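Asker: This is a predicted model, with the sequence first.
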2 protein chains.
Amino acid sequence: MARGFCHRHGNERPCSCSMGNIYRYVEPVTLYLLKLKGRAYGYELGNYLREHALTDSEVDRAALYRTLRQLETNGFVTSEWDIGGGGPARRLYALTQAGMDHLAEWLVVLRQMAGAMHRFVDDADKLIEGDTKDLQTTASVENE
Amino acid sequence: MARGFCHRHGNERPCSCSMGNIYRYVEPVTLYLLKLKGRAYGYELGNYLREHALTDSEVDRAALYRTLRQLETNGFVTSEWDIGGGGPARRLYALTQAGMDHLAEWLVVLRQMAGAMHRFVDDADKLIEGDTKDLQTTASVENE
DNA sequence: CTATGTAGATGTTATTTGCATATATTATCA
DNA sequence: TGATAATATATGCAAATAACATCTACATAG
């Protein structure tokens, strides 16, 4: 639980990397990407994962592969080998109906969390108004 | 990573308890409560923690105590024993300036995360429109 | 004196993650 | 041809976290 600025993402603003480990929400984002792409393999999904990430923390490829296997165990995705294309064999994943429903469940949870987080930040902002230096302003000035 | 409805919080809606373990954000909420209450002891904070929680998951008292000690180690709070009042001795905590700044850092991070989460949910909602049963509607109907 | 509630702390175990590494196939280029 | 780079999946292990149970200690009600 070090201080908020991390070496990976620079010093413009506090970064979730350095606020203690925050879950990376690999599962919902993976389900979403699978729905978006129709069918895809792990390595490919790994390339889209970052731009849809919910935190600053990058998702480890190992975590993604493990998540996909777990999702399959739970019946949320199916997979089959794709030997055809160039390069090493790929395990093609696709969402099941259960997976679609599970994504919908995640959305209910995440909407709730986003709301709670937003309210918390607003409340806290009102509370500390003036008592701390404005981090964003300070940082953007430092960056000129 | 069981399905989304949990035994602790009933069946009205999917619950973060059952979506795999999601961090409980004990640290920022603790910092916020300390700022709000001025000075307080762990057991007391434990009673307010739930209503300010960012997830459905309840916070373990042990986790709260450990977080407070950790915050002290990092210089974000100070503590002293309060022997005076009836009952067992209480360890009274108070925020330091560094703790205030750290809370401000958390707010930057959480605001960012809340935004990302909100956008994610909106995007995904558009994507799955119609493909899944509407969980909230279904649940509220089931509950009549 | 026992039970209960308050208050804080610790130990054990399980899960999750990050990092390093293994393995295999194809592509590229000298 | 041989070296090596890129693609693709997977596993082992250490460290961090979390849940749950347990423990000490004090006060008060009955």
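Answerer: Good, I have the coordinates. Please read all numbers here as calculations on a predicted model, not as lab measurements.

Asker: Which secondary structure elements does the longest helix seen in chain A sit against?
Answerer: Longest helix in chain A, counting residues (DSSP state H): helix A:97-128. Helices and strands touching helix A:97-128, by 3 or more C-beta pairs under 8 Å, 6 or more residues apart in numbering or on different chains; DSSP states H and E, are helix A:26-37, helix B:26-37, helix B:97-128, helix B:135-142. Heads up, the C-betas are built off the backbone N, CA and C, glycines and all.

Asker: rerun that using 6 Å as the cut-off
Answerer: helix A:26-37, helix B:97-128 (3 or more C-beta pairs under 6 Å, 6 or more residues apart in numbering or on different chains; DSSP states H and E).

Asker: next helix or strand past the first one?
Answerer: Moving toward the C-terminus from helix A:26-37, the first helix or strand encountered (DSSP states H and E) is strand A:39-41.

Asker: hmm, that following strand in reach of DNA strand D?
Answerer: Yes - contact of strand A:39-41 with DNA strand D is found when judged by C-beta under 7 Å from any atom of the strand, involving A:Tyr41.

Asker: what's the answer for stretch A:109-121, then?
Answerer: No - among the residues of stretch A:109-121, none lie within reach of DNA strand D under C-beta under 7 Å from any atom of the strand; the closest is 14.3 Å away.

Asker: Return the distance of that stretch from the chain's centre.
Answerer: Put simply, stretch A:109-121 sits 16 Å off its chain's centre (C-alpha atoms, centre = their mean, to the nearest Å).

Asker: Could you pull out the buried residues of that stretch?
Answerer: By 16 or more other C-beta atoms under 10 Å in any protein chain shown, the buried positions in stretch A:109-121 come out as A:Val109, A:Leu110, A:Arg111, A:Gln112, A:Met113, A:Ala114, A:Ala116, A:Met117, A:His118, A:Phe120, A:Val121.

Asker: One more: stretch A:65-85?
Answerer: Across stretch A:65-85, burial judged by 16+ other C-beta under 10 Å covers A:Thr67, A:Leu68, A:Gln70, A:Leu71, A:Glu72, A:Asn74, A:Phe76, A:Val77, A:Ser79.

Asker: My guess is the fourth one contacts A:Tyr65. True?
Answerer: No - contact criterion C-beta atoms under 6 Å: A:Leu71 and A:Tyr65 do not qualify, at 10.8 Å.

Asker: In contact with whichever residue of chain A sits closest to DNA strand C, which residues?
Answerer: The nearest approach of chain A to DNA strand C comes at A:Gly86, 3.1 Å away (C-beta to the nearest atom of the strand). If a contact means C-beta atoms under 6 Å, 6 or more residues apart in numbering or on different chains, then A:Gly86 has no contacts.

Asker: Would you mind checking which helix or strand in chain A has the lowest mean pLDDT?
Answerer: Within chain A, no helix or strand scores below helix A:135-142, which has a mean of 44 by mean pLDDT, DSSP states H and E.

Asker: Can you tell me which of the helices and strands packed on helix A:97-128 is most buried?
Answerer: Of all the helices and strands packed on helix A:97-128, helix A:26-37 carries the top mean neighbour count, a mean of 22, counting by mean count of other C-beta atoms under 10 Å in any protein chain shown.

Asker: what's it packed up against?
Answerer: Applying 3+ C-beta pairs under 6 Å, 6+ apart, one finds that helix A:26-37 makes contact with helix A:61-73, helix A:97-128.

Asker: Look up phi and psi at the most centrally placed residue in chain A.
Answerer: Nearest to the mean C-alpha position of chain A, counting by C-alpha atoms, centre = their mean, stands A:Ala53 at 3.1 Å. Phi and psi for A:Ala53, reported as degrees, to the nearest 10, are phi -60, psi 150.

Asker: Present the buried residues of stretch A:109-121 as CSV; the columns should include distance to B:Glu105.
Answerer: Formatted as CSV, those follow (distance: C-beta to C-beta, whole Å):
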residue, distance to B:Glu105
A:Val109, 25
A:Leu110, 23
A:Arg111, 25
A:Gln112, 24
A:Met113, 20
A:Ala114, 20
A:Ala116, 19
A:Met117, 15
A:His118, 17
A:Phe120, 14
A:Val121, 12
